[in-house]
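> next comes the sequence, and after it the predicted model I'd like to discuss.
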Amino acid sequence: MISFSSENQAAIVERYPEVFRPDWWNRGKITIGLGTAVALFLFGIAQLDIPFHRLSDGMARLGGFLRLMLPPDPGSWAEALKYLNALGETVSIAFLGTLGGALLALPVSLLAARNVVANRIVHFFSRRSLDTIRGVDILIWALIWVGVVGLGPFAGILAVICSDFGTFGKLFSEAIEAADKNPAEGVRSAGGSHLHSVRFGLLPQVFPILLSQVLYYFESNTRSATIIGIVGAGGIGLQLAEQIRVLEWQKVSFLILLILIAVSAIDWISGKLRFAIIGRRAVA
Amino acid sequence: MRTAVPEFPEARLRELTDRYAAAVAAKRRRIWLGLAVLIAAALAAGWMGDVDLWKFAENFWRFPAYFASIAPTFSFSSAWNDLSEWLWGLPRWTLLLGDTLLIAYMGTLSGAICGFVLCFLASANLVRSRTIVFVTRRLLEFCRTVPEIVFALIFVLAFGLGPLPGVLAIAIHTTGALGKQFAEVVENIDNKPIEGVAASGGSWIQIVRFGAVPQVLSNFVSYALLRFEINVRGAAVMGFVGAGGIGQDLIEAVRKFYYSDVSAILLLIVVTVMLIDFVTERVRHRLLGLEGAGT
């Protein structure tokens, strides 16, 4: 057995100098990168005026809140029912919002996909408008829709539709562009029109992918749907924001618990469904 | 080469077409069943979510009307004056946008560091103890599932108004989101380097440092950049609950009907977000491209 005694190691270093030579170029790059990151962080602390003296106080207060949160307690049965109803609203907002967003995004994503519509101007404009819609946060959409249809979950649904429209448009068009073009060519060569090639050559390929993306977003939208209540668009977020403002910590923790349970349940279901859809495709 | 196309006898042919028709019919039935379930669920959700199409039809004109009313007024003769009037708060808004970016940056960086530390504890291929993996995963799930704005609401009460609660809220949410994504990357790495370091007597820290980290770093940076992009959007609305950044001005403008301010701030946010998207996408493609070239 070879032992790496010190003279042995010295011999190895001598024989393969390039392995042991420090790579100054790489190290320099890493140091500069890390240095910039740290410097930017310190600049942020200075610029944002982060009050460090409040940090310890705040932590103590946060600890106090946490103690008050335990055990989670809705107060009464009537309250608990009200919260469950709000949770149902939130899930409905997420469901209808995801569905509506996906249905609206499908035609636009076809326009934005280069292999469906070859026109560069159409492509450019559909892409940019999708980008603009995505740049506006869901909370802002909710604010706008509350102004249009009034307070309540319906405004939330419309807000989720708007924000999902942008996201799905982008994701769908990328999935469509990544599709294999052989089936579409096959349809063309058998005498199909362009529409035929999209319908029979392209959509059957991408449909399971799109469906799985929609299911994935259903879960993430449940999380978003919990927050749009903060600006008055219904659902459990409204209750949560209210209870936080009046410092009812036990109710707050009960609501957070409800959200956690609902999101993991939906996560589980959508995971199963996604596996069923993609798995069947993998078998076929 | 010649191949004979088989000619089936009539009976066999009919059997085949029947089978085909049955298969197609079964598929159709499945699709119709799925559609029926979907529609039923949509109706139930519509009832639950107070969907009122009548109200929607009645009030829909307000949606384009809102955009029309927030649009700045330009006249040809005084275009420059109109522009400067529309963007009257530009210096202040630019500063606030800078603050927003800094909040997103600081939150992403601290969250990425915490996620980096925790992700190795949440990977079943590096940690033997089932308990540690389970507890870390649940912790990450908690951080991820509670929306950041809820954390911000609570932190504003604990730390007072200002950017600090925003940074902390984003940091916690980022820890959860990145920790999960990082752990998924770590669980998919090649096990041989890990075994190699373990076989030559490395401690757990050394296994992670020399066996796992070199394999995952570029993926980690790419995910962190993507998260930064998302956090910029998140930071832009942190001000809604008093946690710093440009959101404060935006919600004030919306609530007080300062129409032209709404459009100006929205435009600035959208342009910034698009710019950040563009830059991070470039960097991410380069990173992933480099990784592809390196291996």
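That came through, no problem. Numbers count the residues shown, from 1 in each chain, chains lettered A, B, ... in the order given.

> for the stretch 151-295 of chain B, what spans make up the strands?
Counting by DSSP state E, counting those that start in this stretch, one finds no strands in the stretch 151-295 of chain B.

> residues of it that sit close to chain A?
Residues of the stretch 151-295 of chain B lying close to chain A by Cβ under 8 Å from any Cβ of the partner chain are B:153-155, B:157-160, B:162-164, B:167, B:233-234, B:236-237, B:240-241, B:244, B:250-251, B:254, B:266, B:269-271, B:273-274, B:277. In short, each C-beta sits where N, CA and C put it, glycine included.

> so which of those belong to helices?
B:153-155, B:157-159, B:163-164, B:167, B:233-234, B:236-237, B:250-251, B:254, B:266, B:269-271, B:273-274, B:277 (DSSP state H).

> now list the buried members of these.
Burial by neighbour count, 16 or more other Cβ atoms under 10 Å in any protein chain shown: within these this picks out B:153-155, B:157-159, B:163-164, B:167, B:233-234, B:236-237, B:250-251, B:254, B:266, B:269-270, B:273, B:277.

> mind telling me what element the residue minimising distance to the centre of chain A is part of?
For chain A, residue A:220 is the residue whose C-alpha lies nearest the centre (Cα atoms, centre = their mean; 5.6 Å). Residue A:220 belongs to helix A:203-227 when assigned by DSSP states H and E.

> same deal with residue A:18?
Using DSSP H and E, residue A:18 falls in helix A:17-20.

> can you pull the residues of the stretch 51-200 of chain A lying near chain B?
A:51, A:54-55, A:57-59, A:61-62, A:65, A:88-89, A:91-93, A:95-96, A:99, A:131-132, A:134-137, A:139-140, A:143-145, A:147-150, A:152-154, A:156-158.

> please pick the buried ones from these.
Neighbour counting with 16+ other Cβ under 10 Å marks A:58, A:61-62, A:65, A:88-89, A:91-93, A:95-96, A:99, A:131-132, A:134-137, A:139-140, A:143-145, A:147-149, A:152-154, A:156-158 as buried within these.

> what number of residues lie near the closest residue in space to residue A:161 that isn't next to it in sequence?
Excluding its sequence neighbours, the residue lying closest to residue A:161 (Cβ to Cβ, 6 or more residues apart in numbering or on different chains) is residue A:100, at 4.0 Å. As a burial measure, residue A:100 scores 18 neighbours (other Cβ atoms under 10 Å in any protein chain shown).

> for the helix or strand containing residue A:107, give the mean pLDDT please.
Counting by DSSP H and E, the element that carries residue A:107 is helix A:77-112. In this model, helix A:77-112 carries a mean pLDDT of 88.

> then stretch B:32-43?
In this model, stretch B:32-43 has a mean pLDDT of 90.

> if we can go back for a sec, how close does the residue nearest to the centre of chain A sit to chain B?
10 Å (Cβ to the nearest Cβ, to the nearest Å).

> can you give me the domain boundaries for chain B?
Domain assignment of chain B by automatic domain parsing yields the ranges B:10-44, B:92-294.

> most tightly surrounded among those domains?
Compared across these, domain B:92-294 shows the largest average neighbour count, a mean of 20 (mean count of other Cβ atoms under 10 Å in any protein chain shown).

> centre of the chain to it, how far?
10 Å (Cα atoms, centre = their mean, to the nearest Å).

> and if you look at stretch A:255-263?
Using Cα atoms, centre = their mean, the offset of stretch A:255-263 from its chain centre is 18 Å.

> and that stretch with chain B, contact?
Yes: using Cβ under 8 Å from any Cβ, stretch A:255-263 reaches chain B at A:256, A:259-260, A:263.

> residues in contact with stretch B:58-78: which ones?
Applying Cβ atoms under 8 Å, 6 or more residues apart in numbering or on different chains, the contact partners of stretch B:58-78 are A:144-145, A:147-150, B:82-83, B:86, B:259-260, B:262-264, B:266.

> that one - what's its average pLDDT?
Mean pLDDT, stretch B:58-78: 77.

> residue A:34 is nearest to which of the domains of chain B?
domain B:92-294 (11.0 Å; Cβ to Cβ).

> hang on, the earlier thing: quick check: next helix or strand after the helix holding residue A:220?
Following helix A:203-227 in sequence, per DSSP H and E, is helix A:236-245.

> between the helix holding residue A:107 and helix A:203-227, how many degrees?
Counting by axes from the mean of the first three to the mean of the last three Cα atoms, to 10 degrees, helix A:77-112 lies at 140 degrees to helix A:203-227.

> list the buried ones in helix A:77-112?
Within helix A:77-112, judged by 16+ other Cβ under 10 Å, the buried ones are A:79, A:83, A:86-102, A:104-106, A:108-112.

> next, the angle from it to helix A:236-245.
Using the same axes, to 10 degrees: helix A:77-112 against helix A:236-245 is 130 degrees.

> could the residues of stretch A:255-263 next to chain B go into a markdown table alongside neighbour count, secondary structure and pLDDT?
As requested, these are exported to a markdown table (neighbours: other Cβ atoms under 10 Å in any protein chain shown; DSSP: H, G, I helix; E, B strand; the rest coil; pLDDT from 0 to 100):
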| residue | neighbour count | secondary structure | pLDDT |
| --- | --- | --- | --- |
| A:256 | 23 | helix | 88 |
| A:259 | 24 | helix | 88 |
| A:260 | 15 | helix | 87 |
| A:263 | 23 | helix | 86 |
